[in-house]
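Asker: Mind looking at a prediction? Sequence and model below.
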Amino acid sequence: MATDRELRVLVALDNAEPNERALRLLAVLDPRAALEITGLFVEDEDLLAAARLPGLQEISLTGQQLRLDPERLARDLAQAAARARRAFDTLASRLGGTGVALSRHSEFVVTRGRVTEEYYRAAEHCDAVIVTRGVHTSGLRSRPGRSFLTLARQPKPVLFVNEPWESGSSVVVLAGDAGAVDTAARLARAEGLRLIVAAPPGANAASQELPKEAAPRQLADWEEDTIARLCVAVDARLLVLPARSDVDLAELLVSLMDRLPCSLLKLS
């Protein structure tokens, strides 16, 4: 595939391995660009500091209470970073055989600090962001949605992948503009999914110029409850939020993140 530019993508690993299909889907946003991928694993300084507090305990999956050993925790984080690096290298190798153009500058980085602050700092130098959230895996719990608010407000596409990516049978788009609908349509076609277009209050979904495969849905409002019910009803795999609207998209996104099993993409 001919490319004339690079799309710098940050893959921030929040207790989950990088997802090949989600990354391939993000390439649909700019198919003529080579992906320059930066994988980022953050050793959580707040967690390490908490482990040094006297009397702090952890509870195992079996309910057993254990003393939180800071040295063991540091080893566990280092092992998790090593696993993430191997998964990232495997991902990059597989992508090379799928037709996705990759930049030679792709790399995996391990840092230590406050997790969401490190994500935000790295995202400033990228064109798009993927956060892989291990919401259905054992081990350390993923951070709540609100902790990603500053990242969600970045003026660039931000995709939050809730595991497992392969679940769900539709793409839902809040139809704030024609560009959002067009992007959602391309994403739905790439995954072989239904396209559900949710019209904002005051707009007639059926009267809008939509792709022929789109199923319009009229919503009474764009409140969290209404959107969540729609996503559950249509078995959404991905919810696409438009770049511009009269609602706070970042606030809406982080509110829905912990509530919905589907992934969420905020456009720029």
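Answerer: Structure's in. What do you need?
Asker: okay, CA-based contacts and neighbour counts for the rest of this
Answerer: Will do.
Asker: Please identify the helix or strand for residue 42.
Answerer: Counting by DSSP states H and E, the element that carries residue 42 is strand 33-44.
Asker: do residue 111 as well
Answerer: Residue-wise, residue 111 maps onto strand 107-113 under DSSP H and E.
Asker: where's the nearest residue to residue 160 once chain neighbours are set aside relative to residue 258, distance?
Answerer: In this structure, residue 160 finds its nearest non-sequential neighbour in residue 131, 4.8 Å apart by Cα to Cα, 6 or more residues apart in numbering. In this structure, residue 131 and residue 258 are 14 Å apart, going by Cα to Cα, to the nearest Å.
Asker: still on that earlier bit, give me the average confidence score over the strand holding residue 42.
Answerer: What strand 33-44 shows for mean pLDDT is 90.
Asker: what comes up buried for the helix or strand just after it?
Answerer: Sequence order places helix 45-51 as the next helix or strand after strand 33-44, per DSSP H and E. Using 16 or more other Cα atoms under 10 Å as the test for burial, helix 45-51 gives 48, 51.
Asker: Quick check: pLDDT value at the residue nearest to residue 160.
Answerer: Turning to residue 131, the model gives it a pLDDT of 92.
Asker: Does it belong to a helix, a strand or coil?
Answerer: When classified by DSSP: H, G, I helix; E, B strand; the rest coil, residue 131 comes out as strand.
Asker: dump the residue contacts of it.
Answerer: By Cα atoms under 8 Å, 6 or more residues apart in numbering, the residues touching residue 131 are 11, 12, 13, 14, 158, 159, 160, 161.
Asker: By pLDDT, give me the weakest of these.
Answerer: residue 14 (80).
Asker: Report the beta-bridge partners for that one.
Answerer: With DSSP bridges as the criterion, residue 14 is bridged to residue 133.
Asker: And for it, the neighbour number?
Answerer: 24 (other Cα atoms under 10 Å).
Asker: was I right about it contacting residue 145?
Answerer: No - counting by Cα atoms under 8 Å, residue 14 sits too far from residue 145 to count as a contact (11.6 Å).
Asker: now the angle from the longest helix along the chain to strand 33-44?
Answerer: Counting residues, the longest helix in the chain under DSSP state H turns out to be helix 70-95. Per axes from the mean of the first three to the mean of the last three Cα atoms, to 10 degrees, the angle that helix 70-95 makes with strand 33-44 is 170 degrees.
Asker: For helix 70-95, what is the distance to the chain centroid?
Answerer: From the chain centre to the centre of helix 70-95 is a distance of 19 Å (Cα atoms, centre = their mean, to the nearest Å).
Asker: mind checking how far residue 93 is from residue 106?
Answerer: Noted for residue 93: a distance of 11 Å to residue 106, by Cα to Cα.
Asker: which residues in the protein form helices?
Answerer: All helices of the chain, identified by DSSP H, fall at 20-26, 45-51, 70-95, 115-123, 149-152, 178-191, 224-233, 249-257.
Asker: Kindly reformat those as TSV and extend each row with distance to residue 211.
Answerer: Conversion of these to TSV gives the following (distance: least, Cα to Cα, whole Å):
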stretch	distance to residue 211
helix 20-26	19
helix 45-51	47
helix 70-95	29
helix 115-123	32
helix 149-152	28
helix 178-191	7
helix 224-233	20
helix 249-257	24
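Asker: if we can go back for a sec, can the contacts of residue 131 go into JSON lines with extra columns for distance to residue 124?
Answerer: Below are the contacts of residue 131 laid out as JSON lines (distance: Cα to Cα, whole Å):
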{"residue": "11", "distance to residue 124": "13"}
{"residue": "12", "distance to residue 124": "13"}
{"residue": "13", "distance to residue 124": "16"}
{"residue": "14", "distance to residue 124": "18"}
{"residue": "158", "distance to residue 124": "12"}
{"residue": "159", "distance to residue 124": "15"}
{"residue": "160", "distance to residue 124": "17"}
{"residue": "161", "distance to residue 124": "19"}
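Asker: Filter the residues you listed down to the buried ones, ChimeraX style.
Answerer: Buried residues among these (16+ other Cα under 10 Å), as a ChimeraX selection:
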select :11,12,13,14,158,159,160,161
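Asker: For the stretch 1-150 of the chain, which residues score under the pLDDT cut-off?
Answerer: Low-confidence segments of the stretch 1-150 of the chain, defined by pLDDT under 70: 1-4, 55-67, 96-99, 134-142.
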